[in-house]
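Trainee: Let's see this in three dimensions:
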Amino acid sequence: MSAQVTKSENAKQYAILIVEDDANFAFLEKEMIEDNFDDPVIVRHNMGSVTDQDIDAAKLAIMDFNLPDATGEELIKTFRKRSDVPVLVVTGNQHLETAIKTLREGANDFLVKSPQTLIMLPNAIERALKEYRNKQLLKEEEIKRERMDAQIETLRQVLTTLAHYINNSTTTISGYAQLCQKNCQDPKNLEKLINVSIKETARITFVLQELENLVNKLELKTTSYLNVPDAMFAIEERIQEKMKNYERKKGTNVH
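Mentor: Purely as a prediction, here's the structure:
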């Protein structure tokens, strides 16, 4: 019955996989699917004939619960090791209770094999695919939110770093200015205030340059809040290097 692998198996990323040991019922399932969907259909009749390529190709799988060489639970577990796409289980009444339990193993829905099963099949497939698409959209939105949160956290830490440098510089300048205000006749204090003001003003200039670089280049180098952001350390290193170069040129010492 290998001829029942219809259409193009090369388009495996769009295939619907049927695993059914009853060849006649598998043929009817395939016909019903092809009448209602544009996807190719891959048919396999036992667990052993299902390849990794079949699983990777499937956008949805329809599985007979009671196969000659595997139980429904075994087949679903094997399938779930490689794929998270919807799985519909088809079972007889005698296996109904066990089939319900397979929902906990990773099946998305089940159908009891009866004359109405084939009629219900297209709606069951469409419902499972819709639920899967909705879950994928939710996952994508969650990933976007996590990335946005990470970027915001990185930006917060970077701005905190820049503010730290500016605050240190303005505090130093203010402190020496107050010292000179108390004793404005002391030339040493005045000279120190001048030197400190020039140095710290240069530091503030470098900090503002880094802020401009951040805005222009969006140097947000973290992808997770759990990781310490790289951006603020890179900024600190650049500011420190600029200050060292500045002080070497001015012939001053680092305090």
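Trainee: what's the span of stretch 30-48 from first residue to last?
Mentor: 20 Å (Cα to Cα, to the nearest Å).
Trainee: Against Thr201, how distant is the residue lying closest to Ile198 once chain neighbours are set aside?
Mentor: Leaving out its chain neighbours, the residue that sits closest to Ile198 by Cβ to Cβ, 6 or more residues apart in numbering is Lys250, at 7.8 Å. All C-beta atoms are positioned from the backbone trio N, CA, C, and that covers glycine. Between Lys250 and Thr201 the distance, using Cβ to Cβ, to the nearest Å, works out to 12 Å.
Trainee: Equivalent analysis for Glu140, please.
Mentor: Distance from Glu140 to Thr201, by Cβ to Cβ: 47 Å.
Trainee: Neighbour count: those two, which is higher?
Mentor: Between Glu140 and Thr201, counted using other Cβ atoms under 10 Å, Thr201 has the larger neighbour count: 13 against 10.
Trainee: so the more buried one sits right up against Ser169, yeah?
Mentor: Yes. In this structure, Thr201 is within contact of Ser169 by Cβ atoms under 8 Å, at 7.4 Å.
Trainee: so Ile33 touches Ile125, yeah?
Mentor: Yes. Using Cβ under 8 Å, Ile33 is in contact with Ile125, at 7.1 Å.
Trainee: between these two, what contacts are shared?
Mentor: Shared contacts of Ile33 and Ile125 (Cβ atoms under 8 Å, 6 or more residues apart in numbering): Ile16.
Trainee: Need the contact partners of the helix or strand bottoming out on mean pLDDT in the chain.
Mentor: The weakest-scoring helix or strand in the chain, judged by mean pLDDT, DSSP states H and E, is helix 96-105 (a mean of 71). For helix 96-105, the external contacting residues (Cβ under 8 Å, 6+ apart) are 65, 72-73, 76-77, 80, 89, 91, 107, 109-110, 112.
Trainee: ok, the residue nearest to Ile198 to Asn195 distance?
Mentor: Relative to Asn195, and taking Cβ to Cβ, Lys250 is found at 9 Å.
Trainee: Following the chain past the longest helix belonging to the chain, name the next helix or strand.
Mentor: The residue-count maximum for a helix in the chain (DSSP state H) belongs to helix 117-182. Moving toward the C-terminus from helix 117-182, the next helix or strand (DSSP states H and E) is helix 187-217.
Trainee: Okay, domains of the protein per the record?
Mentor: 2-114, 147-250 (automatic domain parsing).
Trainee: Show me what the lengthiest strand in the chain is in contact with.
Mentor: Identified as the longest strand of the chain according to DSSP state E is strand 58-64. With contact meaning Cβ under 8 Å, 6+ apart, strand 58-64 is reached by 12-22, 29, 39, 42, 55, 72, 75-76, 79, 83, 85-91, 107, 121, 125, 128-129, 132.
Trainee: what's Glu20 sitting at in phi/psi?
Mentor: Glu20 adopts backbone torsions of phi -150, psi 120, taken as degrees, to the nearest 10.
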